[in-house]
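In: Build me a structure from this.
(chains A, B, C and D)
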Protein chains: 2
Amino acid sequence: MAPLPAKPAMKDRILETADRLFYLQGIRAVGVDTIAAEIGISKRTLYNHFPSKDALISAYLARRFVQPRPSDKPAVEQILSTFDALERRFAAKDFRGCPFVNAVAELGGEDKSVRKIAIAFKESRRLWFRDLLIQLGAADAEGLATQLALLVDGSIAQDLVRNDPAMARAAKEAATVLLRHAGVKVGGGETAQ
Amino acid sequence: MAPLPAKPAMKDRILETADRLFYLQGIRAVGVDTIAAEIGISKRTLYNHFPSKDALISAYLARRFVQPRPSDKPAVEQILSTFDALERRFAAKDFRGCPFVNAVAELGGEDKSVRKIAIAFKESRRLWFRDLLIQLGAADAEGLATQLALLVDGSIAQDLVRNDPAMARAAKEAATVLLRHAGVKVGGGETAQ
DNA sequence: ATTTAGGTACACAGACCTGTGTAACAAGGC
DNA sequence: GCCTTGTTACACAGGTCTGTGTACCTAAAT
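Out: Numbers count the residues shown, from 1 in each chain, chains lettered A, B, ... in the order given. Purely as a prediction, here's the structure:
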């Protein structure tokens, strides 16, 4: 009915495939040939949708930049369930660390736009923590939000290397201690054990 | 006097240069040509000392695998000064994250030996924390050591992206809280402020 | 029926990569 | 003098990479 329902399908397919391959194998390790071949299209078609590999990289990272959706759950539960979600993702065998950190590590200071989006992503996550902490009346919400972000990224880095989902649990336990220390009331023993 | 004082100089020069370039620009981003050219030697000479680029990569990571030297300082001070050292390294403009994490991120699951040495490195650091914590009689030295390692790697990842040495201070403050919570006596207010 | 948009096949340029082969050169030990 | 060891210069093989050029095809819109 609408004149363009199936039209953007190709661009999305390219992006989705690039995302998967970039993330799993590394950006430099995946050539545009590989992406096109994986979809079964010609390289020319790919370049008709994205002017360069750099544009594809930017689109890949932009696609990964998703905000956590607002929730009605209690703030403290939102914060702690972050680490449960991490543990679940660590257990999936296609988890390969934070795409933004990996991109910066791989592309170095060379690429300014990559770093820029990575910084924006990390800060947005920190602010998400901070706003919840403010709701909770936590002492030093700014500093504590940073510390929680450290625990998240630390567990991601450790899991990337060790492949051990327990890293998320360790982070959650540390987060619980830090929250309590900041005067936040945290529900019982679900953290221990 | 000794017959081979200047002999291994070349191999060391190659390794040192490879280390610097691999670390700063990424392993895949640096070709053997570039390394040889940087030293001013021929590519042939490089290949006379290392049979392949993979061997050079392994030597690079092995070179980065240094144990913290034993110290007479009090254990708690050793632990906390780790974060001061991190802050100093973050402030240097040639800091580009953890070479082991970066290598795993860049080379992916593809390379088993790289992951192996990265795991060994991370575990050796965790054990270093653990042994000090045992000396201190901390509760749950194993778990706490993991948590401290998370804070280290988290601050490294955050600094890699943001270039903000304050990440090390945030990690130190979190570490202080966790140590106190485990019953470790930590000296005064040098952490706050 | 014709135009137009998007896709295909395929070759190619130009760069860079790892790794090898070869012949010549320099310096110290014997 | 001779021989060994390390280095150099340089070409090259064979592969991969990004990106372009071109001519053809198909299907939908008009």
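In: For residue A:69, grab the count of nearby residues.
Out: Applying other C-beta atoms under 10 Å in any protein chain shown, we find 5 residues neighbouring residue A:69. (Glycine included, C-beta is placed from N, CA and C.)
In: ugh, wrong one, residue A:107
Out: 23.
In: For the residue nearest the centre of chain A, which non-adjacent residue is closest in space?
Out: Residue closest to the average C-alpha location in chain A (C-alpha atoms, centre = their mean): residue A:98, at 5.2 Å. Distance criterion C-beta to C-beta, 6 or more residues apart in numbering or on different chains; nearest residue to residue A:98, sequence neighbours excluded, is residue A:156 at 5.1 Å.
In: Just say helix, strand or coil for the one you found.
Out: helix (DSSP: H, G, I helix; E, B strand; the rest coil).
In: Map the structural domains onto the sequence of chain A.
Out: Domain segmentation of chain A under automatic domain parsing yields A:9-63, A:67-181.
In: Select the longest helix from chain A.
Out: Longest helix of chain A, by residue count under DSSP state H: helix A:112-135.
In: If we go by neighbour counts, what in it is buried?
Out: Residues of helix A:112-135 classed as buried: A:114-115, A:117-119, A:121-122, A:125-126, A:128-130, A:132-133 (neighbour count, 16 or more other C-beta atoms under 10 Å in any protein chain shown).
In: how about it, does it get close to DNA strand D?
Out: No. Against DNA strand D, helix A:112-135 shows no contacts by C-beta under 7 Å from any atom of the strand, the least distance being 13.8 Å.
In: Point out the other elements, helices or strands, that that helix touches.
Out: helix A:53-64, helix A:75-91, helix A:99-107, helix A:141-162, helix B:141-162 (3 or more C-beta pairs under 8 Å, 6 or more residues apart in numbering or on different chains; DSSP states H and E).
In: for those helices, which one sits closest to residue B:44?
Out: helix A:99-107 (29.4 Å; C-beta to C-beta).
In: quick check, that closest one touching DNA strand D?
Out: No. With C-beta under 7 Å from any atom of the strand as the criterion, DNA strand D is not reached by helix A:99-107; the gap is at least 12.2 Å.
In: Quick one: mean pLDDT for that helix?
Out: Averaged across helix A:99-107, the pLDDT comes to 96.
In: for stretch A:20-29, same thing?
Out: 95.
In: got a list of contacts for it?
Out: Residues from elsewhere that reach stretch A:20-29, judged by C-beta atoms under 8 Å, 6 or more residues apart in numbering or on different chains: A:30, A:34-35, A:38, A:57, A:60, A:64, A:94, A:96, A:99, A:102-103, A:106-107, B:26, B:28-29, B:105-108, B:110.
In: one more time with 10 Å, if that's ok
Out: Stretch A:20-29 is contacted by residues A:18, A:30-31, A:34-35, A:38, A:53, A:56-57, A:60-61, A:64, A:94-99, A:102-103, A:105-107, A:111, A:114, B:26-29, B:105-110 when judged by C-beta atoms under 10 Å, 6 or more residues apart in numbering or on different chains.
In: right, is that stretch up against DNA strand C?
Out: No. No part of stretch A:20-29 sits near DNA strand C under the criterion C-beta under 7 Å from any atom of the strand; the closest distance found is 10.3 Å.
In: what comes up buried for that stretch?
Out: Buried, per 16+ other C-beta under 10 Å, within stretch A:20-29: A:21-23, A:25-29.
In: again, but for stretch A:137-150
Out: For stretch A:137-150, by 16+ other C-beta under 10 Å, it's A:138, A:141, A:143-150.
In: which among those residues gets closest to chain B?
Out: Lowest distance from chain B to the buried residues of stretch A:137-150 (C-beta to the nearest C-beta) belongs to residue A:150, with 3.4 Å.
In: I'd like the distance between the closest one and DNA strand D.
Out: Counting by C-beta to the nearest atom of the strand, to the nearest Å, the gap from residue A:150 to DNA strand D is 33 Å.
In: doesn't residue B:171 make contact with that residue?
Out: Yes. Here residue A:150 reaches residue B:171: they are 5.5 Å apart, a contact under C-beta atoms under 10 Å.
In: Would you mind listing the residues touching both of the two?
Out: B:150-156, B:158-159.
In: who wins for most neighbours among those?
Out: Neighbour max across the shared contacts of residue A:150 and residue B:171 (other C-beta under 10 Å) = residue B:155, 31 neighbours.
In: Enumerate every residue touching that residue.
Out: Applying C-beta under 10 Å, 6+ apart, the residues near residue B:155 are A:146-147, A:149-150, A:153-154, B:83, B:86-87, B:90, B:164-172, B:174-175.
In: swap in residue A:52?
Out: With C-beta under 10 Å, 6+ apart, residue A:52 has these contacts: A:32, A:58.
In: can we see that at 6 Å?
Out: Neighbouring residues of residue A:52 by C-beta atoms under 6 Å, 6 or more residues apart in numbering or on different chains: there are none.
In: can you tell me how far the closest residue to chain B within chain A sits from residue B:104?
Out: Of the residues in chain A, the one nearest chain B is residue A:154, at a distance of 2.9 Å by C-beta to the nearest C-beta. Separation of residue A:154 from residue B:104 (C-beta to C-beta, to the nearest Å): 15 Å.
In: With residue A:146 instead?
Out: Where residue B:104 is concerned, residue A:146 sits at a distance of 25 Å (C-beta to C-beta).
In: cool, residue A:172 as well?
Out: Counting by C-beta to C-beta - residue A:172 and residue B:104 are separated by 23 Å.
In: Same question for residue A:63.
Out: Residue A:63 is 23 Å from residue B:104, by C-beta to C-beta.
In: These two: who's more crowded?
Out: residue B:104 (27 against 14).
In: For the more buried one, which residues are in contact?
Out: A:160-161, B:115, B:118.
In: Just list the residues touching residue A:179, thanks.
Out: residue A:186 are the contacts of residue A:179 under C-beta under 6 Å, 6+ apart.
In: make it 10 Å
Out: A:76, A:79-80, A:133, A:136, A:138, A:144, A:147-148, A:185-186.
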